[in-house]
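Peer 1: Sequence and predicted structure, then a few things I'm wondering about:
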Amino acid sequence: MGSTDERASLLEQGNNMESAVAPVRGEMHASVAGVVQDIILGAADGLTVPFALAAGLTSAFSDSKYIIVAVLSELAAGAISMGLGGYLSGKTELDHYKIEKKREEYEVKHQEDDEVEETLEIFREYGLSDEQIAPICEHFKKNHVAWVDFMMKFELQLDKPDEMQPIYSALVIGGAYLLAGMIPLLPYLIIGDARLALKYSIVFTLIALFVFGILKSKVLRQPNALKAAIETMITGGVAAAAAFFIARLIPT
């Protein structure tokens, strides 16, 4: 253990593990990334759905108060629905982690040889020999908690979700949907003529979609922010135009 060759081998082993972990350290923290994704999900729908609804109703009603009542109702229902979807998604992720952890706990206890082989395969990918890995396996056999945590991260690629993640996702997605949905509604709250308010709503919403597209591309590290912004703006515009012309086909 004290020879020069063995010390060099252990140093190489440590360097290999460090290089494997380093990219993970440089990435955005999982919880922060999850919040950003929830904001994107909620805001994207919040900008397009109420906008399309308001545009469609404007073809049938000239008084803004009808559009306000309808869009506010949709915003309330949409925020609840989106929030519930975020909660169920977060709950599913948390339940999946717990199920996989129980399975790993059973395997390290009752299928030790199979887990040792899986551990060997993981470390072999980093260039370690079986002789170098053997002491690690012996340590894991005496520490099942650490072994399970190791297998969850390196075999299954699963990080433990926050127990409050489902609630956080529900609040963030629902809140983002509600706040973003107020942008196309603002002109109707100020201007009584729905058709005039629609013109301002179109401008407000297209600008918001453009800015949102740029921010989204920056967060997701997309190479072309301008292209992403234009695509986001066109998507919202097409949705609103479709709702507007469909509503015109329905007799007032």
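Peer 2: Alright, I've got the coordinates. Residues are numbered from 1 along each chain as shown.
Peer 1: Tell me where the stretch 101-250 of the chain has helices.
Peer 2: Secondary structure of the stretch 101-250 of the chain by DSSP state H, counting those that start in this stretch: the helices cover 112-124, 130-142, 144-154, 165-190, 194-219, 225-248.
Peer 1: so which of those helices is the most packed in?
Peer 2: For these, the largest average neighbour count (mean count of other CB atoms under 10 Å) is found in helix 165-190, namely a mean of 21. In short, each C-beta sits where N, CA and C put it, glycine included.
Peer 1: Output the contacting helices and strands for that one.
Peer 2: Where contact means 3 or more CB pairs under 8 Å, 6 or more residues apart in numbering; DSSP states H and E, helix 165-190 is packed against helix 30-58, helix 64-110, helix 194-219.
Peer 1: in the protein, which residue is closest to the centre?
Peer 2: In the chain, the residue lying closest to the centroid (CA atoms, centre = their mean) is Q37, at 3.2 Å.
Peer 1: Need the pLDDT of that one.
Peer 2: On pLDDT, Q37 comes in at 80.
Peer 1: how close does it get to Y126?
Peer 2: Distance, Q37 to Y126, by CB to CB, to the nearest Å: 30 Å.
Peer 1: Looking at the helices of the stretch 101-250 of the chain, which is nearest to L72?
Peer 2: helix 165-190 (7.4 Å; CB to CB).
Peer 1: Could you report the neighbour count for G83?
Peer 2: 23 (other CB atoms under 10 Å).
Peer 1: Over to A79?
Peer 2: The burial count for A79: 22, using other CB under 10 Å.
Peer 1: wait, it sits on V172?
Peer 2: No. At 11.2 Å, A79 and V172 do not qualify as touching, with contact defined as CB atoms under 8 Å.
Peer 1: picking up where we left off before, tabulate the helices of the stretch 101-250 of the chain (JSON lines), appending distance to R103 and mean pLDDT.
Peer 2: Below are those laid out as JSON lines (distance: least, CB to CB, whole Å; pLDDT from 0 to 100):
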{"stretch": "helix 112-124", "distance to R103": "11", "mean pLDDT": "90"}
{"stretch": "helix 130-142", "distance to R103": "17", "mean pLDDT": "89"}
{"stretch": "helix 144-154", "distance to R103": "10", "mean pLDDT": "91"}
{"stretch": "helix 165-190", "distance to R103": "21", "mean pLDDT": "92"}
{"stretch": "helix 194-219", "distance to R103": "34", "mean pLDDT": "87"}
{"stretch": "helix 225-248", "distance to R103": "40", "mean pLDDT": "78"}
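Peer 1: For G86, which of those is the nearest?
Peer 2: Judged by CB to CB, the one of the helices of the stretch 101-250 of the chain that comes nearest to G86 is helix 165-190, at 3.7 Å.
Peer 1: Just the angle for that closest one relative to helix 64-110, thanks.
Peer 2: Relative orientation of helix 165-190 and helix 64-110, computed by axes from the mean of the first three to the mean of the last three CA atoms, to 10 degrees: 170 degrees.
Peer 1: Of the helices and strands packed on helix 165-190, which stretch is the most buried?
Peer 2: Buried most deeply of those, by mean count of other CB under 10 Å, is helix 30-58, with a mean of 22.
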